[in-house]
Every structure is written in structure tokens, then in C-alpha cells.
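*Asks:* Build the 3D model from these lines:
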Amino acid sequence: MLKRTYLLSSIALAALPAAAFAQEAPQADDAAPADQEIIVTGTAGGGINRQDAAFAITSIDSGAINRAAPTSTADLFKVIPGVSAESSGGQNGANIFVRGYPSGGDAEFVTLTVQGVPFFSPPTLSFLENTQLIRIDETIDRVEAVRGGTGALFGNGQPGLTVNFVQKEGGRDFEGLVKAGITDFGDIRGDLLLSGPLGESTSFMVGGYYSSGHGIRNPGFTAEKGGQITANVRHELDKGSILVFARYLNDHGQWLLPIPVVRDGNKVRQFGNIDLGTGALAGPETRLSVLPDGTRADLADGRGAKLINLGTNFDYEIGEGFQLRYRASYLNGDADTTGLVPASTAMTANAYAASLGSTVGSLTYVNGGQALAGTQQVIRAGTWIVRKQIEDFTSDLAVEWESGNNKFTVGAYYSDFSSNDQWNLGNVHLLTAENNARLLNLTLANGQVAASNGYTQGSFFNVNAAYDGREYAFYAVDEYQITPELRFDAGIRYQNYRATGTIENNSSVDTDGNPNTLYNNGTAVLNGTFRNIAYKKGAWSWTAGLNYDFSSSVGAYVRYNRGNTNPFFDNLRDGIFVSPRVDNFEGGVKVRTDLVSLYATLFHTKFDGLVTTVIQNGAPVADIGGARSTGIELEGQLRPIDNFAIAFSGTWLDAKYRNFFAGGGTIDLSGNRVQRQPKWQWRVTPSYDIEFGDDSKVSLYSTFSYVGDRFSDTANTQSLPHYFKIDAGVSFDVNSALQFAVTADNLTDKVGLTEGDPRTLGQTGGEVVNARPILGRSFRFSASYKF
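*Replies:* Sure thing, here's the model as predicted:
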């Protein structure tokens, strides 16, 4: 089959060959010379040798993805240097941080794209980070990531991390794959892939997956369920090509949240019978509920999405030296969240009653009515519901002119997006502090009813809002090969962002007028009055970079870029109109020989106009200011002998707040470490292939990873200890068609914390605290057949 290199993105995403180095799962025979490693990152088209690219990129091919066996889309990002991906929240609800870019959670500085175009232009919204909108399956050919660099010019102007999901495409032969998998905790999954020709100039691909189970943190009901279908068709034209693609996602999983743990300095121990790696507060009694306002909730709905995503890539030569490139995407659907969110730490019922100014009168189960003693450990946790109806249309049109050693590109970007939100937060239950907790009623000795039908509180924050946003941008980029060794590129972008919204106001009421029924006092209700928000701003971004090749195997680069992001809808709702600005300086060295590949990057970043927001004591609380970060990223691979390789990656980061204030500007947090990002993290992955003829082999691999200590909050009061984790796997290729594989996650069942309790900032007192541990030891078994 004729090999072609396509421009996959006018937003500058690498198109590395299948032999690209993914540190999670290296290929032992990956020793192509440097002059064969062609990418299109940062060129706005065409493709250049990676040695000439003046920015940091990582590419992960489908084989590396299979070996990594990520537990979620975000979990795969852990292999990218400079990125901290917390996937302990389940299939969805990840927190992703980049190079010390400060944020309170979700993925504010991460843009996701399919085939080079953002499918939802806002990088994040409250209760929606964009890995929730896509799944990794067998239809993905590779995942490519750009950190900093030229990302501030293209697409939605992301100065942080841009990740592109590149789909597989059909060839001249009909091919297929069926795959079945099961975990040691009972979850099952099936994958299917078909591809081939539809004519002399047309090919197709279609595939997807379906999965079901209760998840490793078993709530006693099916919490993980759904699937995804992806299809594309490419047609070759006389002077170009057109690709159209479609993706349907309907999948949800349990939203995993902090659980009670026992902290003893840097040691973390199990509280009660809630296992650190597999325990969950949610259970059969808390699954179905009628909230105090009459809304029905089902924790099995979890966090996920039901959506359709359509898109196209069009490339055409419009004249000698001129290329027209068009990318477009349309997305429409729902991205909903239902979860059981801790509202207190674990304590005895006596202590809880004392906090209300009384003692326990009666404490009983809601179901069954049996009485319990005041020494019973209890915890408060609320059923939160967030409904989002989202829509996005994004298009990117570019014209490229190449003449001699110079390439000039000019383009226009447009995005129109919306989110209609209905939130109901609070609805706090009184529960037994145990695995699969049970509902409790509590009457105080003074006659006040503290918990009725399991509720201690109704809603404390509601949202009924409709938001719309539009972004227009124009960009121009020039790339010039000054000498055979020296390459220069520079570009500029102007973006204009406008957002509007209509929001219903809340009132606080006592729903029955009785002050002695504590469970419904101070309940938030939507009151039928509305307010409007409006925001608009224009901003310039720019970049310039130099790359010098000392030889075909050794190169170096320097780059500066200025980037801007927009305040997202939730900030505007809360009256925060700060627009973040990022200045990034970086330089790197690239070495590629038969023995070793090494990519080292030194960066320094300045941030202004940052906002970190969490919901604390029933209301959004924002910290605002700036930060500075300096760091070193390393990734590479050693290939000392045939069939054996050692891949590695690591990051050292010094990130601190600067002119950063909390408490409405009264508390200066300058000098504190940026929350939730470690100073040190690294991964080492040795792999070895044992061959048994042309088509049979056994592959052994393991990953040793380290995550350093962090702070969960901006005030640096909630520490998160360092942890060390081992993953492993083995695959057996019986022949060219049949493969069996086993992967182990957290093989030694280590304990590590990724989050404290963001809803109770500064919580340090007592040895029992809420925290979210990494998932416990698990095994996944799979069998696949290609035809």
C-alpha cells in the first residue's frame, strides 16, 4: 500500500510514525534513523523532521496504548512528561495539570482534539473536563501531545497541553479485529474494528466497544456501563483528499470521591472496613433517592456523556505551492454527573450531635429502624446532580504557501459553543461511616430532628443557567529554513471571545417553617428571578522559535510564546472576569541514535490572571493571582540489545504562587507551592520480547513510577505524601492473528493519595480525614483476533 503523510492538524499536532517513542510501552525494534522520523507539529502543514521541531512533543501509538492499559482516557496522559493526571476519580472526573499551570482541578489548560480539531472548545467547565467526552478504543491509531510551543497560535489557542486523537483508517484490504476482556473484579468489555476499501479511491473504518461492570470500587450495583462507536471514510481527490468521521458515545461510570482514611504523618491507613484501594461509600441504600425537592436521583448514572460528534478534514492543492486546509467538528449531547460527595469527616454520632449543641436522642437505620448507639461512626455525604446539555461547532480554515525554503500559512478559526446547566448540590445524608454506607435518622435529645429519611440538609446551591460562547481568531505563521542546519519559525494570533448567559437566582428558605426540623432549614431554592452576564475581550498571542541541527542525530532549540485563555462560564457566573495570560520560555536538546533516544526540555513559565475555584461551605470560593514555574522534562529510550528496551520519562518542577491572594484579597499565598503538582515524578519501563519464529512472541514489560509529595490546596495545609507504584504486563502473540494479554495495575497494591478534600479546605485536625486514594491492585485479561 502506498504510504502517505497527511497534515492531521492545522493546530500543530505531531504526526509521528508508528515507531514513535511512547515511554509507557516501547517497541524494541524502534531504531529508525532520525531522518525518517517525520512530524507535522508546529509547521501548520506538510511535515518536517522531528529533529527540526522547536517544541516538546510526545506520541503514543496503538501498541503502546494497549500495553499501558489505561483505566481511563486521562490515565493515558500519565506517560506525557510535564503532565500530572489524577485518574483516581474513575472513568471520568479526572484532574489534569500541566507544567505547573495552576488550577483547582478538572483540566483548564488541556485541549482535546480529534483529527486535529477541538470537539468542545472550552477546555473545561465545572464538572466537565473533556476526557469525559471521548474514550480510547481500538479505533484510535495514536495519541499525540504538544506541550506549550505553538499550541497558543492554533485551534482554541491553548498555551498548555494539546492532545490529538488520531483515528485509524481503512486500506486496500479488508481487515478486522475482535477483542474481549475481563478484569479480576468482574468488569467485561468487548471491542470490534473493521476497515477496508469502498472503491479505488475510497476507504472506510468502523469500530467501537461496549463494557459493563460495577468497577473496582464496588458500590453493590452496576456502575460502569456503556460504549462508543466511531466511523470514518476517506476519499482521495486528484489534488487532495477529504475525510469525514462520526463518533457516538453513550457511557458512564461511578464518580469516585474522597473516602475516610487515617493519616499518621505521611502514612495512610484504612478507616474501618473501607478498603483504601477498593472501598466506596456508595451502596445499595444510597443508590436510589428522592431528593428533598422531589427530584429522583440514581447514583448508577454516575459521570459520563451521551453525545454525537461529526467532523471533517479537507486538504486540496489550489495552485502551485498553495494548499487549502479545512477542519471542522460538530458535537451535541449531554454530559451529566451524579455522585455521593462527602460533606464531613467521619466522627461518632455523639460528636455530631454535640456539634449541633445537643446529645443523641435516637439514632436509627432508615431501612429497618434498628437503633444504634451514639458511639456509631457516622459521616455526612450529599447526592449531587449536575446536568449539562452541550453543543459545539468549530471550524478552522488555512491557506499555506510554500516557496523555496519558506512556508507561510494564514488561517481563521471560529467556534460557537453552549452549555445549559441544571445543578442541585447538597442533599446531605447522614450515613454509617462504612463500606457501602447505610442511611440514618437522628433525633437530638432536645427534640430537634437532625436527620429525617436520611437527610440532614437539602440543597445548598442550585444552578439553572444557559450559556453561549463564541470565539473568532486569525493567525499567521512563517517557517524559514535559513541554512540546512538552522530553522526559524514565528507566528501571531488574534482572538476575540464573547460569552453571554442567563442565570436563575437562589433563595434560602426553611421549607416547613419549623426551626426544630434542622434537616430542611436554610435550603437553597430557585426563586424565578434571573440575571444576565456578558463578557467580551480580544487578545494577541505570538511565538518564535529557532532549531539548530548539529548533525542528523543531535539538535537543539529555543522558543518563546505568549498565550491567553478565556474565563469559562462558571467564573463569569460567579462574577470573576479575570483572563489568564501565560508567557513561556523553553529550550531543548534532542538526541536520536540506534542506542538511545533522548529529549530534554528546560522551561520557565509566568502566569497572570489565574483563578482557582472550589465549592466550600456550600458556595464557590475563588483564589486569584499569578504564579511562576521552572522545570525540566526528560523522555527517551535505551536500546542496548535486540528485543530489549528501557523507556524513561521524568519531570522536575518548581512551581510557586506569585501575587496570589485568597479570602477576597486579604490572604497572601505568594511563595506557596502550586497545588497538586509534585516537584518530582518519573517513570521507567523496561520491556523484553522473546521471539518464537516469524509471527510468535512473548512480550514482558513493567513500569516503575514515582509521584512526589504535593499539597492538595492553595494554602498548602493538606499534604499528599509521595508514593511509588509498579504496573506490569505480558502478551503472547500465538501467531499474526491471535493474541492473549494480561496487565496488572498497582501490582504491589500500594497506597497513594491524589486528592484531599477540596470541599473542606485547610482540613488537618484529627487523624481521620477524607482523601481520594489511587485504585487498588487489579488485573485485566484480554484475547484478540485479527482477520
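
*Asks:* Every contact and neighbour count from this point should use C-alpha atoms.
*Replies:* Will do.

*Asks:* now Asn746: how far from Arg772?
*Replies:* 15 Å (CA to CA, to the nearest Å).

*Asks:* Repeat that for Leu198.
*Replies:* Taking CA to CA, one finds Leu198 at 49 Å from Arg772.

*Asks:* Looking at those two, which is more packed in?
*Replies:* Higher neighbour count among Leu198 and Arg772: Arg772, with 22 against 16, using other CA atoms under 10 Å.

*Asks:* just checking, that one touches Leu257?
*Replies:* Yes: contact criterion CA atoms under 8 Å: Arg772 and Leu257 qualify, at 6.0 Å.

*Asks:* what touches both of these two?
*Replies:* Counting by CA atoms under 8 Å, 6 or more residues apart in numbering, the shared contacts of Arg772 and Leu257 are Gly89.

*Asks:* For this structure, which segments count as helices?
*Replies:* Here the chain has its helices, by DSSP state H, at 62-68, 284-287, 349-355, 569-573.

*Asks:* so which of these comes closest to Phe530?
*Replies:* Proximity to Phe530 (CA to CA) singles out helix 569-573 among the helices of the chain, at 11.8 Å.

*Asks:* what's that closest one packed up against?
*Replies:* strand 486-509, strand 523-549 (3 or more CA pairs under 8 Å, 6 or more residues apart in numbering; DSSP states H and E).

*Asks:* in the shortest one, what counts as buried?
*Replies:* By that I understand strand 486-509. By 16 or more other CA atoms under 10 Å, the buried positions in strand 486-509 come out as 486-506.

*Asks:* could you dump the helices of the chain to JSON lines with mean pLDDT and distance to Arg559?
*Replies:* Output for the helices of the chain, formatted as JSON lines (pLDDT from 0 to 100; distance: least, CA to CA, whole Å):
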{"stretch": "helix 62-68", "mean pLDDT": "84", "distance to Arg559": "29"}
{"stretch": "helix 284-287", "mean pLDDT": "97", "distance to Arg559": "52"}
{"stretch": "helix 349-355", "mean pLDDT": "97", "distance to Arg559": "57"}
{"stretch": "helix 569-573", "mean pLDDT": "92", "distance to Arg559": "31"}
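
*Asks:* I'd like these written out as CSV, with mean neighbour count and distance to Leu442 added.
*Replies:* Listed next are the helices of the chain as CSV, based on neighbours: other CA atoms under 10 Å; distance: least, CA to CA, whole Å:
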stretch, mean neighbour count, distance to Leu442
helix 62-68, 21, 48
helix 284-287, 18, 17
helix 349-355, 18, 9
helix 569-573, 20, 36
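
*Asks:* if we compare the ones you listed, which one ends up closest to Arg247?
*Replies:* Of all the helices of the chain, helix 62-68 comes closest under CA to CA, at 18.4 Å.

*Asks:* just checking, what packs against the closest one?
*Replies:* Going by 3+ CA pairs under 8 Å, 6+ apart, helix 62-68 lies up against strand 140-147.

*Asks:* so what strands line up beside the strand it packs on?
*Replies:* strand 56-61 (antiparallel), strand 161-167 (antiparallel) (DSSP bridges).

*Asks:* mean confidence for the last one?
*Replies:* It stands for strand 161-167. Across strand 161-167, pLDDT averages out at 94.

*Asks:* contact partners of that strand?
*Replies:* Identification of contacts with strand 161-167 by CA under 8 Å, 6+ apart yields 8, 13, 98, 109-116, 139-148, 151.

*Asks:* on that earlier part again, just send the helices and strands packed on helix 569-573 back as TSV, with distance to Leu720 and mean pLDDT too.
*Replies:* Compiled in TSV, the helices and strands packed on helix 569-573 are given as follows (distance: least, CA to CA, whole Å; pLDDT from 0 to 100):
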stretch	distance to Leu720	mean pLDDT
strand 486-509	36	96
strand 523-549	34	96
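
*Asks:* export the ones you listed to a markdown table and tack on distance to Asn156?
*Replies:* Output for those, formatted as a markdown table (distance: least, CA to CA, whole Å):
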| stretch | distance to Asn156 |
| --- | --- |
| strand 486-509 | 9 |
| strand 523-549 | 11 |
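
*Asks:* Ala373: which of the ones you listed is closest?
*Replies:* That would be strand 523-549 among the helices and strands packed on helix 569-573, by CA to CA, at 28.9 Å.

*Asks:* Now do that closest one: distance to the chain's middle.
*Replies:* 19 Å (CA atoms, centre = their mean, to the nearest Å).

*Asks:* That strand pairs with which strands?
*Replies:* strand 486-509 (antiparallel), strand 554-564 (antiparallel).

*Asks:* quick one, strands of the stretch 301-450 of the chain?
*Replies:* 303-319, 322-334, 337-342, 347-348, 360-365, 377-403, 406-432, 440-444, 449-451 (DSSP state E, counting those that start in this stretch).

*Asks:* Need the winner for burial among those strands.
*Replies:* Burial of the strands of the stretch 301-450 of the chain is given as mean neighbour count (mean count of other CA atoms under 10 Å); strand 337-342 ranks first at a mean of 25.

*Asks:* Report all helices and strands that it contacts.
*Replies:* strand 303-319, strand 377-403.

*Asks:* For that strand, give the mean pLDDT please.
*Replies:* For strand 337-342, the per-residue pLDDT averages 97.
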